[in-house]
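Enquirer: Output the structure for:
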Amino acid sequence: MKLNYKRTVYVGFAFFLICAFWQAYDTIIPLTLTNKFGLSQTASGVVMALDNILALFLLPLFGAISDRHRSRFGKRTPFIFAGTVISVLAFMGLSFVDNWQRANLIELTGSSEPQTMIAFATAATENSPLVLIIFIAILLLILLSMATFRSPAVALMPDVTIKPLRSKANAVINLMGTAGGILVLALGIVFATSKEENATMSYTPYFLAVALIMVFALAMFLWKVREPQFAEQMRLDSQKYGIDESESAEEGDRKLSKSEKRSLFFLLASIILWFMAYNAVTSKYSVYATNILKKDYNLTLIIAQAAAVISYLPVGMIASRIGRKKAILAGVVLLTTAFTVAAFVREDSPDFWMYAMFILAGIGLASINVNSFPMVVEMCKGSDVGKYTGIYYTASMTAQTLTPLLSGYLMDQFGMTVLFPYAAVFSAIAFVTMLFVLHGDNRPTAKHGLEALDIED
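Expert: Presented below is the predicted three-dimensional model:
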(Lines give C-alpha, C1' and ligand atoms only; values in the text may rest on other atoms or scores of the structure.)
Protein backbone atom coordinates (compact mmCIF):
# COMPACT_ATOMS: atom_id res chain seq x y z
CA MET A 1 0.00 0.00 0.00
CA LYS A 2 1.81 3.10 -1.25
CA LEU A 3 0.82 6.71 -1.57
CA ASN A 4 0.71 8.03 -5.11
CA TYR A 5 2.84 11.10 -4.44
CA LYS A 6 2.55 12.50 -7.97
CA ARG A 7 -1.24 12.40 -7.89
CA THR A 8 -1.29 13.93 -4.41
CA VAL A 9 0.91 16.80 -5.61
CA TYR A 10 -1.54 17.49 -8.44
CA VAL A 11 -4.43 17.51 -5.96
CA GLY A 12 -2.34 19.85 -3.80
CA PHE A 13 -2.26 22.54 -6.49
CA ALA A 14 -5.67 23.68 -5.21
CA PHE A 15 -4.22 24.29 -1.74
CA PHE A 16 -1.13 25.82 -3.37
CA LEU A 17 -3.18 28.59 -5.00
CA ILE A 18 -5.19 29.16 -1.82
CA CYS A 19 -2.06 29.71 0.27
CA ALA A 20 -0.51 31.89 -2.45
CA PHE A 21 -3.55 34.15 -2.35
CA TRP A 22 -3.69 34.42 1.45
CA GLN A 23 0.01 35.21 1.68
CA ALA A 24 -0.48 38.15 -0.69
CA TYR A 25 -3.72 39.21 1.00
CA ASP A 26 -2.29 39.18 4.54
CA THR A 27 0.80 41.09 3.41
CA ILE A 28 -0.63 43.82 1.19
CA ILE A 29 -4.19 44.56 2.32
CA PRO A 30 -3.19 45.87 5.80
CA LEU A 31 -0.65 48.19 4.16
CA THR A 32 -3.25 49.49 1.72
CA LEU A 33 -5.85 50.11 4.42
CA THR A 34 -3.48 52.07 6.65
CA ASN A 35 -1.13 53.77 4.17
CA LYS A 36 -3.56 54.71 1.41
CA PHE A 37 -6.93 54.91 3.14
CA GLY A 38 -5.64 56.17 6.48
CA LEU A 39 -7.49 53.65 8.64
CA SER A 40 -6.35 53.19 12.22
CA GLN A 41 -4.74 49.93 13.29
CA THR A 42 -7.96 49.02 15.10
CA ALA A 43 -10.16 49.68 12.06
CA SER A 44 -7.71 47.87 9.82
CA GLY A 45 -7.72 44.93 12.24
CA VAL A 46 -11.51 44.74 12.07
CA VAL A 47 -11.41 44.58 8.27
CA MET A 48 -8.67 41.96 8.35
CA ALA A 49 -10.74 39.87 10.78
CA LEU A 50 -13.60 39.65 8.28
CA ASP A 51 -12.16 36.57 6.59
CA ASN A 52 -11.98 34.65 9.87
CA ILE A 53 -15.48 35.74 10.88
CA LEU A 54 -16.97 34.77 7.51
CA ALA A 55 -15.04 31.50 7.60
CA LEU A 56 -16.79 30.46 10.82
CA PHE A 57 -20.08 30.24 8.90
CA LEU A 58 -19.13 29.72 5.28
CA LEU A 59 -16.52 26.96 5.44
CA PRO A 60 -18.86 24.34 6.96
CA LEU A 61 -21.68 25.53 4.69
CA PHE A 62 -19.81 25.17 1.40
CA GLY A 63 -18.11 22.01 2.61
CA ALA A 64 -21.54 20.47 3.17
CA ILE A 65 -22.90 21.81 -0.13
CA SER A 66 -19.99 20.25 -2.02
CA ASP A 67 -20.68 16.94 -0.25
CA ARG A 68 -24.11 16.83 -1.86
CA HIS A 69 -23.02 18.17 -5.26
CA ARG A 70 -22.91 15.77 -8.19
CA SER A 71 -21.46 16.50 -11.63
CA ARG A 72 -19.36 14.76 -14.25
CA PHE A 73 -16.40 16.78 -12.98
CA GLY A 74 -16.80 15.53 -9.42
CA LYS A 75 -18.01 17.02 -6.14
CA ARG A 76 -15.17 19.45 -5.41
CA THR A 77 -13.68 20.49 -8.77
CA PRO A 78 -16.55 22.82 -9.89
CA PHE A 79 -16.23 24.80 -6.63
CA ILE A 80 -12.46 25.07 -7.01
CA PHE A 81 -12.77 26.28 -10.61
CA ALA A 82 -15.56 28.83 -10.08
CA GLY A 83 -14.17 30.14 -6.78
CA THR A 84 -10.68 30.65 -8.19
CA VAL A 85 -11.87 32.43 -11.33
CA ILE A 86 -14.07 34.87 -9.38
CA SER A 87 -11.32 35.47 -6.81
CA VAL A 88 -8.70 36.23 -9.47
CA LEU A 89 -10.94 38.68 -11.32
CA ALA A 90 -11.99 40.43 -8.11
CA PHE A 91 -8.37 40.51 -6.90
CA MET A 92 -7.33 42.38 -10.05
CA GLY A 93 -10.33 44.70 -9.63
CA LEU A 94 -9.11 45.48 -6.12
CA SER A 95 -5.78 46.65 -7.52
CA PHE A 96 -7.57 49.13 -9.82
CA VAL A 97 -9.48 50.61 -6.86
CA ASP A 98 -6.18 50.80 -5.00
CA ASN A 99 -4.77 52.81 -7.92
CA TRP A 100 -7.86 55.04 -7.84
CA GLN A 101 -7.16 55.92 -4.20
CA ARG A 102 -3.47 56.45 -5.00
CA ALA A 103 -4.43 58.90 -7.77
CA ASN A 104 -6.68 60.77 -5.31
CA LEU A 105 -3.75 61.07 -2.91
CA ILE A 106 -1.42 62.40 -5.59
CA GLU A 107 -4.07 64.91 -6.70
CA LEU A 108 -4.66 66.05 -3.11
CA THR A 109 -0.99 66.39 -2.13
CA GLY A 110 0.58 67.15 -5.50
CA SER A 111 3.27 64.64 -4.57
CA SER A 112 4.05 60.93 -4.95
CA GLU A 113 6.34 60.96 -1.91
CA PRO A 114 5.13 58.11 0.36
CA GLN A 115 5.27 59.88 3.73
CA THR A 116 3.36 62.86 2.36
CA MET A 117 0.69 60.61 0.86
CA ILE A 118 0.37 58.61 4.09
CA ALA A 119 -0.05 61.83 6.10
CA PHE A 120 -3.02 62.86 3.94
CA ALA A 121 -4.55 59.38 3.49
CA THR A 122 -7.32 59.94 6.04
CA ALA A 123 -8.23 63.29 4.48
CA ALA A 124 -8.36 61.72 1.00
CA THR A 125 -10.72 59.02 2.26
CA GLU A 126 -12.94 61.59 3.97
CA ASN A 127 -13.08 63.61 0.74
CA SER A 128 -14.01 60.56 -1.32
CA PRO A 129 -15.42 57.79 0.92
CA LEU A 130 -16.92 56.02 -2.11
CA VAL A 131 -13.48 54.62 -3.00
CA LEU A 132 -13.17 52.91 0.37
CA ILE A 133 -16.74 51.60 0.15
CA ILE A 134 -16.03 50.03 -3.26
CA PHE A 135 -12.72 48.65 -1.98
CA ILE A 136 -14.44 46.96 0.98
CA ALA A 137 -17.25 45.66 -1.27
CA ILE A 138 -14.76 44.00 -3.63
CA LEU A 139 -12.86 42.70 -0.62
CA LEU A 140 -16.03 41.01 0.64
CA LEU A 141 -16.61 39.48 -2.82
CA ILE A 142 -13.09 38.03 -2.73
CA LEU A 143 -13.56 36.63 0.77
CA LEU A 144 -16.88 35.06 -0.21
CA SER A 145 -15.46 33.50 -3.37
CA MET A 146 -12.42 32.12 -1.51
CA ALA A 147 -14.71 30.66 1.16
CA THR A 148 -16.72 28.76 -1.46
CA PHE A 149 -13.86 26.46 -2.31
CA ARG A 150 -11.45 26.32 0.63
CA SER A 151 -13.26 23.40 2.30
CA PRO A 152 -13.92 21.55 -1.00
CA ALA A 153 -10.24 21.92 -1.98
CA VAL A 154 -9.00 20.43 1.28
CA ALA A 155 -11.74 17.76 1.36
CA LEU A 156 -10.59 16.45 -2.01
CA MET A 157 -7.52 14.80 -0.45
CA PRO A 158 -9.47 12.32 1.73
CA ASP A 159 -11.92 11.81 -1.14
CA VAL A 160 -9.13 10.31 -3.26
CA THR A 161 -6.82 8.83 -0.58
CA ILE A 162 -7.43 5.66 1.40
CA LYS A 163 -7.54 6.02 5.17
CA PRO A 164 -4.11 4.70 6.25
CA LEU A 165 -2.30 7.06 3.85
CA ARG A 166 -4.11 10.28 4.69
CA SER A 167 -1.49 11.58 7.12
CA LYS A 168 1.21 11.19 4.46
CA ALA A 169 -1.05 12.78 1.86
CA ASN A 170 -1.89 15.65 4.19
CA ALA A 171 1.84 16.24 4.66
CA VAL A 172 2.21 16.62 0.89
CA ILE A 173 -0.79 18.98 0.77
CA ASN A 174 0.74 21.11 3.53
CA LEU A 175 4.03 21.22 1.63
CA MET A 176 2.21 22.43 -1.48
CA GLY A 177 0.50 25.16 0.50
CA THR A 178 3.78 26.27 2.04
CA ALA A 179 5.38 26.36 -1.41
CA GLY A 180 2.62 28.68 -2.63
CA GLY A 181 3.18 31.03 0.29
CA ILE A 182 6.95 31.03 -0.12
CA LEU A 183 6.64 31.79 -3.85
CA VAL A 184 4.51 34.85 -3.11
CA LEU A 185 6.99 35.98 -0.44
CA ALA A 186 9.70 35.75 -3.10
CA LEU A 187 7.54 37.90 -5.39
CA GLY A 188 7.34 40.45 -2.60
CA ILE A 189 11.14 40.62 -2.59
CA VAL A 190 11.22 41.00 -6.39
CA PHE A 191 8.68 43.85 -6.32
CA ALA A 192 10.20 45.31 -3.13
CA THR A 193 6.78 45.64 -1.50
CA SER A 194 8.29 45.98 1.99
CA LYS A 195 10.61 48.89 1.24
CA GLU A 196 9.73 52.20 2.86
CA GLU A 197 9.97 54.10 -0.44
CA ASN A 198 7.32 51.75 -1.87
CA ALA A 199 4.83 52.20 0.98
CA THR A 200 2.27 53.74 -1.41
CA MET A 201 3.31 52.01 -4.61
CA SER A 202 0.90 50.72 -7.24
CA TYR A 203 0.33 47.03 -6.54
CA THR A 204 -1.13 46.20 -9.94
CA PRO A 205 2.01 44.45 -11.33
CA TYR A 206 2.38 42.50 -8.06
CA PHE A 207 -1.31 41.55 -8.00
CA LEU A 208 -1.07 40.47 -11.64
CA ALA A 209 1.89 38.20 -10.85
CA VAL A 210 -0.02 36.61 -7.94
CA ALA A 211 -3.10 36.18 -10.14
CA LEU A 212 -1.01 34.45 -12.81
CA ILE A 213 0.37 32.06 -10.19
CA MET A 214 -3.18 31.23 -9.13
CA VAL A 215 -4.30 30.71 -12.73
CA PHE A 216 -1.26 28.50 -13.43
CA ALA A 217 -2.00 26.37 -10.36
CA LEU A 218 -5.66 26.06 -11.38
CA ALA A 219 -4.64 25.05 -14.91
CA MET A 220 -2.31 22.35 -13.55
CA PHE A 221 -5.08 21.11 -11.26
CA LEU A 222 -7.67 20.93 -14.05
CA TRP A 223 -5.18 19.28 -16.42
CA LYS A 224 -3.96 16.56 -14.09
CA VAL A 225 -6.78 15.91 -11.60
CA ARG A 226 -9.63 13.65 -12.68
CA GLU A 227 -11.67 13.70 -9.51
CA PRO A 228 -14.29 11.02 -10.35
CA GLN A 229 -11.64 8.56 -11.54
CA PHE A 230 -9.40 9.24 -8.53
CA ALA A 231 -12.33 8.77 -6.13
CA GLU A 232 -13.32 5.53 -7.80
CA GLN A 233 -9.74 4.28 -7.60
CA MET A 234 -9.73 5.04 -3.88
CA ARG A 235 -12.89 2.99 -3.45
CA LEU A 236 -11.40 0.05 -5.33
CA ASP A 237 -8.15 0.26 -3.36
CA SER A 238 -10.12 0.27 -0.11
CA GLN A 239 -11.90 -2.91 -1.20
CA LYS A 240 -8.61 -4.47 -2.27
CA TYR A 241 -6.99 -3.92 1.13
CA GLY A 242 -10.12 -4.66 3.13
CA ILE A 243 -10.39 -1.11 4.50
CA ASP A 244 -13.78 -0.10 5.85
CA GLU A 245 -15.22 2.63 3.66
CA SER A 246 -18.79 1.99 4.79
CA GLU A 247 -19.27 5.70 5.11
CA SER A 248 -19.85 6.09 1.36
CA ALA A 249 -22.96 7.94 0.36
CA GLU A 250 -24.39 4.91 -1.45
CA GLU A 251 -24.56 2.96 1.82
CA GLY A 252 -26.75 5.48 3.55
CA ASP A 253 -26.36 7.72 6.55
CA ARG A 254 -24.20 6.56 9.41
CA LYS A 255 -24.70 8.35 12.69
CA LEU A 256 -21.75 8.92 14.97
CA SER A 257 -21.90 6.86 18.14
CA LYS A 258 -21.85 8.60 21.53
CA SER A 259 -18.20 7.66 21.92
CA GLU A 260 -17.35 9.06 18.47
CA LYS A 261 -19.22 12.29 19.20
CA ARG A 262 -17.29 12.63 22.46
CA SER A 263 -14.01 12.05 20.65
CA LEU A 264 -14.90 14.59 17.98
CA PHE A 265 -15.78 17.15 20.65
CA PHE A 266 -12.46 16.71 22.47
CA LEU A 267 -10.53 16.71 19.19
CA LEU A 268 -12.12 20.00 18.11
CA ALA A 269 -11.46 21.43 21.57
CA SER A 270 -7.81 20.39 21.24
CA ILE A 271 -7.59 22.05 17.81
CA ILE A 272 -8.93 25.31 19.25
CA LEU A 273 -6.54 25.14 22.23
CA TRP A 274 -3.31 24.52 20.32
CA PHE A 275 -4.17 27.17 17.74
CA MET A 276 -4.95 29.55 20.61
CA ALA A 277 -1.38 28.87 21.79
CA TYR A 278 0.52 28.95 18.50
CA ASN A 279 -1.32 31.83 16.82
CA ALA A 280 -0.97 34.02 19.89
CA VAL A 281 2.80 33.72 19.49
CA THR A 282 2.89 34.22 15.72
CA SER A 283 0.54 37.23 15.85
CA LYS A 284 2.30 38.97 18.76
CA TYR A 285 5.90 37.84 18.50
CA SER A 286 7.00 40.80 16.37
CA VAL A 287 5.91 43.15 19.16
CA TYR A 288 7.39 40.89 21.84
CA ALA A 289 10.75 40.54 20.08
CA THR A 290 11.01 44.29 19.50
CA ASN A 291 10.13 45.37 23.03
CA ILE A 292 11.33 42.50 25.25
CA LEU A 293 14.11 40.73 23.37
CA LYS A 294 15.34 43.74 21.38
CA LYS A 295 15.94 41.41 18.44
CA ASP A 296 14.83 41.05 14.81
CA TYR A 297 11.80 38.76 14.65
CA ASN A 298 11.95 37.81 10.96
CA LEU A 299 14.70 35.20 11.16
CA THR A 300 13.10 33.48 14.13
CA LEU A 301 9.75 33.09 12.36
CA ILE A 302 11.46 31.89 9.17
CA ILE A 303 13.31 29.24 11.21
CA ALA A 304 10.01 28.01 12.66
CA GLN A 305 8.45 27.79 9.20
CA ALA A 306 11.50 26.01 7.78
CA ALA A 307 11.43 23.48 10.63
CA ALA A 308 7.76 22.78 9.92
CA VAL A 309 8.40 22.33 6.19
CA ILE A 310 11.24 19.88 6.76
CA SER A 311 9.10 17.94 9.25
CA TYR A 312 5.91 17.50 7.22
CA LEU A 313 6.81 14.27 5.42
CA PRO A 314 8.75 12.62 8.29
CA VAL A 315 5.95 13.16 10.82
CA GLY A 316 3.42 11.78 8.33
CA MET A 317 5.52 8.64 7.98
CA ILE A 318 6.03 8.37 11.73
CA ALA A 319 2.28 8.63 12.29
CA SER A 320 1.73 5.71 9.92
CA ARG A 321 3.87 3.65 12.31
CA ILE A 322 2.82 4.79 15.78
CA GLY A 323 -0.63 6.23 15.08
CA ARG A 324 -1.93 9.76 14.65
CA LYS A 325 -2.92 10.34 18.27
CA LYS A 326 0.53 9.53 19.63
CA ALA A 327 2.15 11.71 16.95
CA ILE A 328 -0.13 14.62 17.90
CA LEU A 329 0.53 14.18 21.62
CA ALA A 330 4.27 14.23 20.92
CA GLY A 331 3.80 17.42 18.89
CA VAL A 332 1.85 19.06 21.71
CA VAL A 333 4.63 18.14 24.16
CA LEU A 334 7.19 19.80 21.86
CA LEU A 335 4.97 22.87 21.55
CA THR A 336 4.45 23.16 25.31
CA THR A 337 8.16 22.66 26.00
CA ALA A 338 9.14 25.29 23.44
CA PHE A 339 6.76 27.92 24.85
CA THR A 340 7.68 27.16 28.46
CA VAL A 341 11.42 27.55 27.86
CA ALA A 342 10.87 30.62 25.63
CA ALA A 343 9.10 32.33 28.54
CA PHE A 344 12.47 32.57 30.34
CA VAL A 345 14.44 33.94 27.34
CA ARG A 346 15.35 37.60 27.68
CA GLU A 347 17.40 40.27 25.93
CA ASP A 348 20.71 39.02 27.38
CA SER A 349 20.00 35.35 26.55
CA PRO A 350 21.93 33.74 23.66
CA ASP A 351 20.02 33.88 20.36
CA PHE A 352 20.42 30.11 20.15
CA TRP A 353 17.75 29.49 22.77
CA MET A 354 14.96 31.25 20.95
CA TYR A 355 15.98 29.73 17.63
CA ALA A 356 16.00 26.25 19.21
CA MET A 357 12.58 26.79 20.78
CA PHE A 358 11.03 27.93 17.51
CA ILE A 359 12.50 24.88 15.78
CA LEU A 360 10.77 22.71 18.40
CA ALA A 361 7.56 24.67 17.94
CA GLY A 362 7.73 24.28 14.15
CA ILE A 363 8.23 20.52 14.40
CA GLY A 364 5.48 20.26 16.99
CA LEU A 365 2.98 22.16 14.88
CA ALA A 366 3.86 20.10 11.81
CA SER A 367 3.17 16.89 13.74
CA ILE A 368 -0.15 18.31 14.90
CA ASN A 369 -1.34 19.74 11.57
CA VAL A 370 -0.43 16.70 9.48
CA ASN A 371 -2.42 14.35 11.70
CA SER A 372 -5.31 16.32 13.18
CA PHE A 373 -7.23 16.92 9.95
CA PRO A 374 -7.16 13.21 8.92
CA MET A 375 -8.44 12.31 12.42
CA VAL A 376 -11.45 14.60 11.95
CA VAL A 377 -12.42 13.21 8.55
CA GLU A 378 -11.74 9.63 9.72
CA MET A 379 -14.82 9.87 11.92
CA CYS A 380 -17.20 10.98 9.18
CA LYS A 381 -18.85 9.12 6.37
CA GLY A 382 -17.56 9.75 2.85
CA SER A 383 -20.55 11.86 1.86
CA ASP A 384 -19.79 14.29 4.69
CA VAL A 385 -16.05 14.87 4.18
CA GLY A 386 -16.58 18.46 3.01
CA LYS A 387 -18.84 19.23 5.98
CA TYR A 388 -16.29 17.88 8.45
CA THR A 389 -13.50 19.72 6.67
CA GLY A 390 -15.48 22.91 7.25
CA ILE A 391 -15.93 22.00 10.92
CA TYR A 392 -12.17 21.50 11.26
CA TYR A 393 -11.44 24.91 9.79
CA THR A 394 -14.20 26.51 11.86
CA ALA A 395 -12.39 25.31 14.99
CA SER A 396 -9.03 26.66 13.83
CA MET A 397 -10.56 29.95 12.63
CA THR A 398 -12.34 30.40 15.96
CA ALA A 399 -8.99 30.23 17.71
CA GLN A 400 -7.32 32.55 15.20
CA THR A 401 -10.12 35.09 15.68
CA LEU A 402 -10.09 35.01 19.50
CA THR A 403 -6.48 34.54 20.52
CA PRO A 404 -5.00 37.84 19.22
CA LEU A 405 -7.69 39.71 21.16
CA LEU A 406 -7.33 37.67 24.37
CA SER A 407 -3.53 37.54 24.39
CA GLY A 408 -3.36 41.24 23.50
CA TYR A 409 -5.68 42.11 26.39
CA LEU A 410 -3.61 40.06 28.86
CA MET A 411 -0.39 41.65 27.58
CA ASP A 412 -1.93 45.08 28.17
CA GLN A 413 -3.01 44.09 31.68
CA PHE A 414 0.01 42.11 32.91
CA GLY A 415 2.84 43.05 30.57
CA MET A 416 4.23 41.56 27.38
CA THR A 417 6.08 38.76 29.17
CA VAL A 418 2.73 36.99 29.67
CA LEU A 419 2.76 35.92 26.00
CA PHE A 420 4.72 32.66 26.23
CA PRO A 421 3.21 31.50 29.55
CA TYR A 422 -0.21 32.12 27.94
CA ALA A 423 0.75 29.94 24.96
CA ALA A 424 2.26 27.21 27.19
CA VAL A 425 -0.90 26.97 29.30
CA PHE A 426 -3.22 26.58 26.29
CA SER A 427 -0.88 24.04 24.73
CA ALA A 428 -0.73 22.02 27.97
CA ILE A 429 -4.52 21.97 28.25
CA ALA A 430 -4.67 20.72 24.64
CA PHE A 431 -2.55 17.71 25.71
CA VAL A 432 -5.15 16.87 28.38
CA THR A 433 -8.16 17.17 26.06
CA MET A 434 -6.37 15.11 23.39
CA LEU A 435 -6.09 12.19 25.82
CA PHE A 436 -9.89 11.82 25.69
CA VAL A 437 -9.91 11.34 21.89
CA LEU A 438 -10.52 7.63 21.30
CA HIS A 439 -11.52 7.61 17.61
CA GLY A 440 -10.09 8.81 14.31
CA ASP A 441 -6.69 7.20 14.71
CA ASN A 442 -5.16 4.99 12.06
CA ARG A 443 -4.23 1.62 13.46
CA PRO A 444 -1.15 0.17 11.75
CA THR A 445 -1.43 -3.57 11.18
CA ALA A 446 1.43 -6.05 11.27
CA LYS A 447 2.82 -7.18 7.92
CA HIS A 448 3.53 -10.74 7.05
CA GLY A 449 5.80 -12.61 4.65
CA LEU A 450 7.20 -10.65 1.72
CA GLU A 451 4.97 -7.69 2.62
CA ALA A 452 7.18 -7.06 5.65
CA LEU A 453 10.03 -6.11 3.31
CA ASP A 454 8.00 -3.15 1.94
CA ILE A 455 8.86 -0.12 4.05
CA GLU A 456 6.03 1.97 2.59
CA ASP A 457 2.59 1.73 4.20
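
Enquirer: Ile271 contacts Gln400, correct?
Expert: No. Contact criterion CB atoms under 8 Å: Ile271 and Gln400 do not qualify, at 10.9 Å. C-beta here means a position set from N, CA and C on the backbone, and glycine is covered the same way.

Enquirer: What residues sit buried inside stretch 182-200?
Expert: Within stretch 182-200, the residues scored as buried using 16 or more other CB atoms under 10 Å are Ile182, Leu183, Val184, Leu185, Leu187, Gly188, Phe191, Thr193, Ala199, Thr200.

Enquirer: host element of the third one?
Expert: This means Val184. Secondary structure assigned from DSSP states H and E places Val184 in helix 166-190.

Enquirer: what secondary structure does Lys295 sit in?
Expert: Here Lys295 is coil, with the state taken from DSSP: H, G, I helix; E, B strand; the rest coil.

Enquirer: Closest one of the buried residues of stretch 182-200 to Asn174?
Expert: Ile182 (12.4 Å; CB to CB).

Enquirer: For that closest one, give me the pLDDT.
Expert: Note for Ile182: predicted pLDDT of 80.

Enquirer: Can you tell me how far it is from Ala277?
Expert: 24 Å (CB to CB, to the nearest Å).

Enquirer: In CSV: the buried residues of stretch 182-200, plus distance to Leu335.
Expert: Shown next, in CSV, are the buried residues of stretch 182-200 (distance: CB to CB, whole Å):
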residue, distance to Leu335
Ile182, 22
Leu183, 27
Val184, 26
Leu185, 24
Leu187, 31
Gly188, 28
Phe191, 35
Thr193, 31
Ala199, 36
Thr200, 39
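
Enquirer: picking up where we left off before, quick check: buried residues in whatever helix or strand comes next after the helix holding Val184?
Expert: As assigned by DSSP H and E, the chain's next helix or strand after helix 166-190 is helix 204-224. Residues Tyr206, Phe207, Ala209, Val210, Ala211, Ile213, Met214, Ala217, Leu218, Met220, Phe221, Leu222 are the ones in helix 204-224 that count as buried (16+ other CB under 10 Å).

Enquirer: How about the fourth one: what's its closest non-neighbour residue?
Expert: Excluding the flanking residues, the one nearest Val210 by CB to CB, 6 or more residues apart in numbering is Ala24, at 4.5 Å.

Enquirer: mind listing what that neighbour touches?
Expert: Neighbouring residues of Ala24 by CB atoms under 8 Å, 6 or more residues apart in numbering: Val184, Leu187, Tyr206, Phe207, Val210.

Enquirer: can you tell me how far it sits from Ala211?
Expert: 9 Å.

Enquirer: Quick one: name whatever helix or strand follows the helix or strand bottoming out on mean pLDDT in the chain.
Expert: Of all helical and strand segments in the chain, the minimum by mean pLDDT, DSSP states H and E falls on helix 41-48, at a mean of 71. Of the helices and strands lying after helix 41-48 in sequence (DSSP H and E), the nearest is helix 50-68.

Enquirer: pLDDT score assigned to Gly449?
Expert: Reported pLDDT for Gly449: 35.

Enquirer: quick one: Gly364 from Arg166, how far?
Expert: According to CB to CB, Gly364 stands 20 Å off from Arg166.

Enquirer: neighbour-wise, which of the two wins?
Expert: Of the pair Gly364 and Arg166, Gly364 is the one with more neighbours under other CB atoms under 10 Å, namely 30 against 26.

Enquirer: Excluding covalently adjacent residues, which one is nearest to the more buried one?
Expert: Spatially, and ignoring its direct neighbours in sequence, Gly364 is nearest to Leu334 (3.3 Å; CB to CB, 6+ apart).
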